[in-house]
Every structure is written in C-alpha cells, then in structure tokens.
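J.: Coordinates only, no sequence provided:
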C-alpha cells in the first residue's frame, strides 16, 4: 500500500451504506482526500453519519453535495444509479471525476450516456468486496484490502482522461485493492460467470431443498457439511441487491445460464445411462481450475481447507 | 467422548485407505478394539500398513482376515462392496457384525441381500467425513470428531440385532461422531440433496466456465472470490469416488436433479421477464435454512464467515 498523498481535495459520496462508508473511512485513513461530503436520501443515515463524525459535510441535497467535488462516488443500490446520476449531472464541476460502485456495469454506462457528462471524467467502477452488513455503521477501512476493484473506462485517446483513470486507480490501490481495467460488457460477462450464476444456482438449490416433501429441513441442516452448506452461505446474501443484479444483468446471466443448463443436461444423461467414463472425464477436468485458484493464493483466507474438502 | 472399553475383541478392516486407516487409528486410540487385522488388495498398501505398525495382522486373503473377527468393516470403494462382501461372506464368524462405510446405501443393502448373511449382524454405515487425501498414510484418529455417521440397520424386532446396532453406535460415538439411524433409501435421498446434487452442480458450473470462449480461465481465477470459488473447492473432489456415487445413486440423484432443473427454469423465466417480485420473494425465503445451519453451530469451522459473504 503506497501513500500517494491527497488525490482529490474534495470527495463526495452519494449513499453512505457499507461500500460508501468503507470508501470514506479508507480514504481518510490513507490520506487520499481532503474534505469529505456525504449525500444520503435517508434522514436516519445522515444523522448517524454526523454522529460518527466521518464526514465534513452531510446533506440530503445531491446538487449541493457535488458542486465543488473533485471526485463523486455514487454508492447507492445499482438500480438507482440512473436516477442519482441524472440528479447530479447538471451540478458537477468541470474536470471532476464521476465513478460508481455498482455490481453491474453496462446498465450504468447506458445511464451515463443518456446524460450530458462531457465536462467530467466518467469512470464506472466495481469494488468486489462486501459483508452481510449494511448502513453507515457497517463500513470499515480495510474492506478493500487484497480485493479486486474493476474499472470500466470508456475507450478514449484523451490524455487527460487517461490521467483521470490513472488517478482513480491510485485511489483504489491506496486502500490495498488490486485494480483491473475492463470493458463494461466484458465485466458483466465475467461477473455473470464468477458471481451471478453461482448465486442464482445457490439460491435455487436451497429453495429446491426446502420444498422437499420427503426430506426434512432438519435433515438438510444436520448433514449440510457434505457440500450443501457452501450453497446456503451464498444463498443468504442480500435479496434486494441480488434482485437488482439479475434485473440489471439479464442478458449475460441468461447466456451463462443457458450454457450451464446444457452442460447439466449432458451430465444428467450420463448418469441416466450409467456412462461412467464421461462422468469421470468431466470430474477430472475441473480440477485444473481449482489448482489455478490455489496457486494464485486465492484460498489463503480459508485455513481449514483440506480437512473439510471431499466429504461425501 | 466416552471410553466404553473394548467393544470388539477382534476388528478386521477391508481396505486401508483414508476411512479404513482412520477407523483403525481411532479405534486403537479410544481403546474400543483388541486386535486389528487389515486386508488390502494392494501389496504396496499392505507393506505400508506393516511399516506404520497400526495393525496386528496384515493380509491379502479376505477369508483369512475375517474368520475370527467380531467386527468386519468394508472400507473399499463403494462399487467394489458387492464383490468384497461375496468374497468374505462364507468366512464370517457367527454373531459377528458386518458394516461398511460407503457413500450410498441402497446398493450396499441390495448387495448384502444377495448373500447368505443370516448368522451375522449386517449394519451398513456411512461416516460423513473425509479429506482430499487417500492411502494408508492419509488416515487420522480425529477424522470423525463432530461429524455424523449414519447407520442404516434393517427393520427388525430381534433383540440381539438391536444390541448389535447399539454397540456399533457406541463404537462410532467413541470417536466423537454423532450417530443417526436411517432407512437406506432415505439415506440415499438425503445425501442426494445435501451432497450429491451440490457436487454435480459444482462440477458442471466449473466445467461450463472452463469452456467459455470470451472469458479467460485467468479471469475466472482472479475474480473467483465472488461466489465461484466455493464451487471449485467442491469440484476438486476425487473423480473416481464421485463417478461411483453417481452410478450407485442414480435414481435419487436424477429425482433431485429434475426438481432443481424445474426450479432453475422458473428462475430463468423470472429473470427473462424482469419479474423482480418473484426473484425477491425467492431470495428472501432461502435465508431461513441458512439461519438454521448457523443456529445449529454447523458453521463453526469457518472463522472468516461474515466478512467473506456477500461479495458480488
């Protein structure tokens, strides 16, 4: 973690939930912003932010909040981004940087394109980090450490824009995050694979298990260590956030779901016909990706890996 | 963990892999057996068992191995149980207990029914425990601590049989395991839900991800913390064991897979039509099972639960 000094004299965060609150705390701790303004639609949130003392200025007025800001971070639920962006666009200072933290990016890019944002640097973003908590108290400065933040800048030859992207990357890296630049549609496809489809599948199987007439919920809970438990953890994620993600990323999710369903049907057929060779060949092949994850050190957060694997 | 004293003066374990080797070590450590005999088809395994000094007698001859045994544990791969049982059946001592450790039970019960086992107590079993290791060196005495062992005894009014079931339950509890009695077909249905279907789905999605033309394996690995990683861990399980499980438990797995596929199609339809209410209602409902698992203390092995959940 480098300490790059003040990157943005004035930062405004719209929405002080888990992510917004964590950005504020991290930015202050690492000294990368001067003044912090929070705009939040919830009066209770605003009162709590004042009590916490993490912002220099707290307001319910979006226009007032952004007018002097060098960096504006939209950290509201992803389906409200279009509305929030429309409200703040006319008030932005020329030369400011506008970013967001939404879990889907193509819909955000579309929303921004509908507005006149020609005088600011628009750089959508997605920090891949979270906990099950929400609200102003949930944030903490370390949330982004060793996590990825994906930025989806526009294609541009403009040197000033490139400099703005570099600055925002430095901002995230100051928090201990790794930064990856990506096309917004590609981001949505990658996240559909590594996150959205796994969540959809987990939500579905947990629901299927709950509906069984001949296996009790108590049995499912008792014996869940044999594989099911990992799915229940994923399926306990915030329902509103996930509803919004599936609405916002429909096309990529349906594309991935179609491929998965085809492959699952092929496995089903192999089981029905007792095609042991096909099953074995498939089960062998999937180990390569796992080895890649372990080699990349992505598993370090799970100390009991090994003894817990392979229960059956 | 109680110390019940010697329950079986002579125990014979057929197959000294992870489970067989762990049973031997646990049984010696907790003092519930007198002499231990190992029968293993592999000469290398036999030599290693002798080196390890964990058995009193080591042989490749199944008949000789079981002839004096009070407890015989078949711990070979589940598809070889029928063959092993046929080889040892004529040599069993009247009044001995015969059990196994296979991941599926209806096929084992079928195999036993085809043999004359009228003079012994047949009590199929399934310790739900494992690691990714195999072979004589892989076993350890603590493998079964705080895990479930399911026994699937026959329906019987015979007091001597009931006593044999109670004794075998005491044997497992001495290792720190919790014991549940269950009908064999019901066992296979429960395991299809909590273990076999989750594994099939995990194997499938990891395969689907590996096949994508437009998302690289490196991207999948980099961003796997957002849900996918849990699936890769499950999909790294032993291919041979899992092939055998799907062959052995075809009917229950296909039944569960059919229900899951229907439910997944319903979710797919809700996404396609932007039916946000249906999605939200489903995502809310699945949290109840998760709460049950946390309340039952099933999550204790994962200290970083919380901060790792909900990445998106």
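T.: Arrived safely, thanks for sending. Remember, it's a predicted structure, so these values are computed and weren't measured experimentally.
J.: does stretch A:282-299 come close to chain B?
T.: Yes: if you take C-beta under 8 Å from any C-beta of the partner chain as the test, stretch A:282-299 does meet chain B, through A:282-293, A:296, A:298-299. For every residue, glycine as well, the C-beta is placed using N, CA and C.
J.: in a helix, that's where residue A:54 is, yeah?
T.: No: judged by DSSP: H, G, I helix; E, B strand; the rest coil, residue A:54 forms no part of a helix; its state is coil.
J.: low pLDDT regions in the stretch 51-200 of chain A?
T.: Of all residues in the stretch 51-200 of chain A, none has pLDDT under 70.
J.: and the gap between residue A:49 and residue A:56?
T.: Distance, residue A:49 to residue A:56, using C-beta to C-beta, to the nearest Å: 11 Å.
J.: Name only those of the residues of stretch A:282-299 next to chain B that count as buried.
T.: Buried residues within these, counting neighbours by 16 or more other C-beta atoms under 10 Å in any protein chain shown: A:282, A:283, A:285, A:286, A:287, A:289, A:290, A:292, A:293, A:298, A:299.
J.: From what I see, the fourth one and residue B:210 are in contact.
T.: Yes: using C-beta atoms under 8 Å as the test, residue A:286 is close enough to residue B:210 to be in contact (7.0 Å).
J.: Provide a complete list of residue ranges assigned to strands in the stretch 151-300 of chain A.
T.: All strands of the stretch 151-300 of chain A, identified by DSSP state E, counting those that start in this stretch, fall at A:178-181.
J.: Please give the centre-to-centre distance between the helix or strand containing residue A:24 and its chain.
T.: Assigned by DSSP states H and E, residue A:24 falls within helix A:18-29. Counting by C-alpha atoms, centre = their mean, to the nearest Å, helix A:18-29 is centred 15 Å from the centre of its parent chain.
J.: What is that helix packed up against?
T.: Using 3 or more C-beta pairs under 8 Å, 6 or more residues apart in numbering or on different chains; DSSP states H and E, the elements in contact with helix A:18-29 are strand A:8-14, strand A:33-39.
J.: Pipe those into CSV and attach distance to residue A:220, mean pLDDT and mean neighbour count per row.
T.: CSV is the format used below for the helices and strands packed on helix A:18-29 (distance: least, C-beta to C-beta, whole Å; pLDDT from 0 to 100; neighbours: other C-beta atoms under 10 Å in any protein chain shown):
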stretch, distance to residue A:220, mean pLDDT, mean neighbour count
strand A:8-14, 41, 98, 24
strand A:33-39, 43, 98, 22
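J.: Among these, which comes closest to chain B?
T.: Closest to chain B of the helices and strands packed on helix A:18-29 is strand A:8-14 (C-beta to the nearest C-beta; 18.8 Å).
J.: Could you check the angle the closest one makes with strand A:33-39?
T.: Relative orientation of strand A:8-14 versus strand A:33-39 (axes from the mean of the first three to the mean of the last three C-alpha atoms, to 10 degrees): 20 degrees.
J.: Mind listing the strands strand A:8-14 pairs with, and their directions?
T.: The pairing partners recorded for strand A:8-14 under DSSP bridges are strand A:33-39 (parallel), strand A:71-74 (parallel).
J.: Mind listing residues that contact that strand?
T.: The contact list for strand A:8-14 (C-beta atoms under 8 Å, 6 or more residues apart in numbering or on different chains) reads A:20, A:23-24, A:27, A:32-40, A:55, A:62, A:65-66, A:68-76, A:84, A:88, A:97, A:167, A:171.
J.: 7 Å instead?
T.: Contacting residues not belonging to strand A:8-14 are listed as A:20, A:23-24, A:27, A:33-39, A:62, A:65-66, A:68-76, A:84 [C-beta atoms under 7 Å, 6 or more residues apart in numbering or on different chains].
J.: These, buried ones only, as a ChimeraX selection?
T.: In ChimeraX syntax, the buried subset of those is picked out as below (16+ other C-beta under 10 Å):
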select /A:20,23,24,27,33,36,37,38,39,62,65,66,68,69,70,71,72,73,74,75,76,84
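J.: and chain A, what are its domains?
T.: A:8-182, A:186-295 (automatic domain parsing).
J.: Kindly reformat the ones you listed as CSV containing distance to residue B:179.
T.: Output for the domains of chain A, formatted as CSV (distance: least, C-beta to C-beta, whole Å):
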stretch, distance to residue B:179
domain A:8-182, 34
domain A:186-295, 12
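J.: Determine which of those approaches residue B:222 most closely.
T.: When the domains of chain A are compared by C-beta to C-beta, domain A:8-182 sits nearest residue B:222, at 6.6 Å.
J.: any idea how far the residue of the stretch 1-150 of chain A found nearest chain B is from residue A:147?
T.: Of all residues in the stretch 1-150 of chain A, residue A:130 sits closest to chain B, at 4.2 Å by C-beta to the nearest C-beta. Counting by C-beta to C-beta, the separation of residue A:130 from residue A:147 is 9 Å.
J.: Of residue A:49 and residue A:56, which one has the most company?
T.: Shown here are residue A:49 and residue A:56; by other C-beta atoms under 10 Å in any protein chain shown, residue A:49 has more neighbours (24 against 14).
J.: neighbouring contacts of whichever strand or helix holds that one?
T.: In this structure, residue A:49 is located in helix A:43-52 according to DSSP H and E. The contact list for helix A:43-52 (C-beta under 7 Å, 6+ apart) reads A:16, A:38, A:40, A:55, A:58, A:60, A:135, A:136, A:137.
J.: of the residues you listed, closest to residue B:269?
T.: Out of those, the member with the shortest distance to residue B:269 (by C-beta to C-beta) is residue A:135, at 33.5 Å.
J.: Check for me that the closest one belongs to a helix.
T.: No: the assignment for residue A:135, made by three-state DSSP, is coil rather than a helix.
J.: since we're on residue A:3, how many residues are nearby?
T.: Residues near residue A:3, counting by other C-beta under 10 Å: 8.
J.: per-residue pLDDT, it?
T.: pLDDT, residue A:3: 83.
J.: Contacts only, for residue A:114.
T.: By C-beta under 7 Å, 6+ apart, no residues touch residue A:114.
J.: ok, now residue A:164?
T.: A:97, A:121, A:123.
J.: Could you export the residues you listed to TSV, including columns for neighbour count and distance to chain B?
T.: Listed next are these as TSV, based on neighbours: other C-beta atoms under 10 Å in any protein chain shown; distance: C-beta to the nearest C-beta, whole Å:
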residue	neighbour count	distance to chain B
A:97	23	23
A:121	23	25
A:123	22	19
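J.: Give me the subset of these lying in helices.
T.: Counting by DSSP state H, those place none of their members in helices.
J.: hang on, isn't residue A:99 packed against residue A:70?
T.: No: look at residue A:99 against residue A:70 with C-beta atoms under 7 Å: they stay out of range, at 11.7 Å.
J.: which among the residues of stretch A:282-299 next to chain B gets closest to residue B:183?
T.: Among these, and counting by C-beta to C-beta, the member closest to residue B:183 is residue A:283, at 28.5 Å.
J.: Can you tell me the closest non-neighbouring residue to that closest one?
T.: With sequence-adjacent residues excluded and distances taken as C-beta to C-beta, 6 or more residues apart in numbering or on different chains, residue A:283 is closest to residue B:239, at 3.6 Å.
J.: For the one you found, give me its contacts.
T.: A:280, A:283, A:284.
J.: can you list those residues in CSV and add pLDDT?
T.: As requested, these are arranged in CSV below (pLDDT from 0 to 100):
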residue, pLDDT
A:280, 94
A:283, 92
A:284, 90
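J.: need these in a markdown table with distance to residue A:225, can you?
T.: Listed next are the contacts of residue B:239 as a markdown table, based on distance: C-beta to C-beta, whole Å:
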| residue | distance to residue A:225 |
| --- | --- |
| A:280 | 25 |
| A:283 | 20 |
| A:284 | 24 |
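J.: So what's the residue count around the closest residue to residue A:196 other than its chain neighbours?
T.: Leaving aside its sequence neighbours, residue A:196 sits nearest to residue A:253 (C-beta to C-beta, 6+ apart; 5.1 Å). By the criterion of other C-beta under 10 Å, residue A:253 has 27 neighbours.
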